[in-house]
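# Quick check, what structure comes out for this input:
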Amino acid sequence: MAELDRADFEILRLLQEDGLMSNAEIGKLVHLSASTVSRRIDALKEAGYIKGFRAVLDHQRLGLSAVIYTQVALRNHGNEDLEEFEGIITATMPHIVECMRACGNWDYLLKFVVRDTGHFGELLGKLTATPVVKWVRSYPIISSREFCPLPVG
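Okay, here's the model as predicted:
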């Protein structure tokens, strides 16, 4: 795919706001036909600009009322420990909805979405029992606001 043009950026912006918007609706807003929008979206997917589509769920409505960020430091920083840690949390902790590897005094920042602090305590016990974990620090979130969509264009 060649460089993105103004219409591509506008299509990306619109899809971030409403991933279910029809090609015809997008076309009206970017002054292109629905078939041209469809081809452009396919090209944006193929080129990796669009990674996928999914529903954004309300975690509180689903009974997951606590969001907690946790810093994790590992005992060692070799690839084996990193892979072991990521494998463990991927396989056994579905309430970790985001895992970011960092540099500095700690190795990972995890985002937990859980029922309550008691539920988090159970998961924290499992996490700290993992042999590769040196220490953790957790930060319960009082409130948050998502600043979406990404700035494109």
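# Find the residue at the geometric middle of the chain.
residue 98 (5.6 Å; CA atoms, centre = their mean).
# May I ask you to confirm that that one is in contact with residue 108?
No: applying CB atoms under 8 Å as the test, residue 98 and residue 108 come out as separate, 10.2 Å apart. No exception for glycine: its C-beta is placed from N, CA and C like everyone else's.
# burial count for residue 142?
6 (other CB atoms under 10 Å).
# Sorry, slip of the keys, the one I care about is residue 97.
Residues near residue 97, counting by other CB under 10 Å: 14.
# re earlier: quick check: beta-bridge partners of the closest residue to the residue nearest to the centre of the chain other than its chain neighbours?
Nearest residue to residue 98 in three dimensions, chain neighbours excluded: residue 111, at 3.9 Å (CB to CB, 6 or more residues apart in numbering). When assigned by DSSP bridges, residue 111 has beta-bridge partners residue 69, residue 98.
# Quick check: residue 111 vs residue 71, distance?
Going from residue 111 to residue 71 by CB to CB, to the nearest Å gives 11 Å.
# sorry, back to before: from residue 41, how far out is the residue nearest to residue 98?
Distance, residue 111 to residue 41, using CB to CB: 29 Å.
# all helices for the chain, in order.
Taking DSSP state H, the helices of the chain run over residues 6-17, 23-30, 34-46, 79-92, 117-128.
# Export those helices to a markdown table and append columns for mean neighbour count and mean pLDDT.
Converted to a markdown table, these look like this (neighbours: other CB atoms under 10 Å; pLDDT from 0 to 100):
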| stretch | mean neighbour count | mean pLDDT |
| --- | --- | --- |
| helix 6-17 | 17 | 95 |
| helix 23-30 | 16 | 97 |
| helix 34-46 | 15 | 97 |
| helix 79-92 | 14 | 94 |
| helix 117-128 | 14 | 95 |
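# okay, these in JSON lines with distance to residue 54 next?
Conversion of those to JSON lines gives the following (distance: least, CB to CB, whole Å):
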{"stretch": "helix 6-17", "distance to residue 54": "12"}
{"stretch": "helix 23-30", "distance to residue 54": "18"}
{"stretch": "helix 34-46", "distance to residue 54": "14"}
{"stretch": "helix 79-92", "distance to residue 54": "18"}
{"stretch": "helix 117-128", "distance to residue 54": "23"}
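# which one of those helices lies closest to residue 104?
Closest approach to residue 104 among the helices of the chain (CB to CB): helix 79-92, 15.0 Å.
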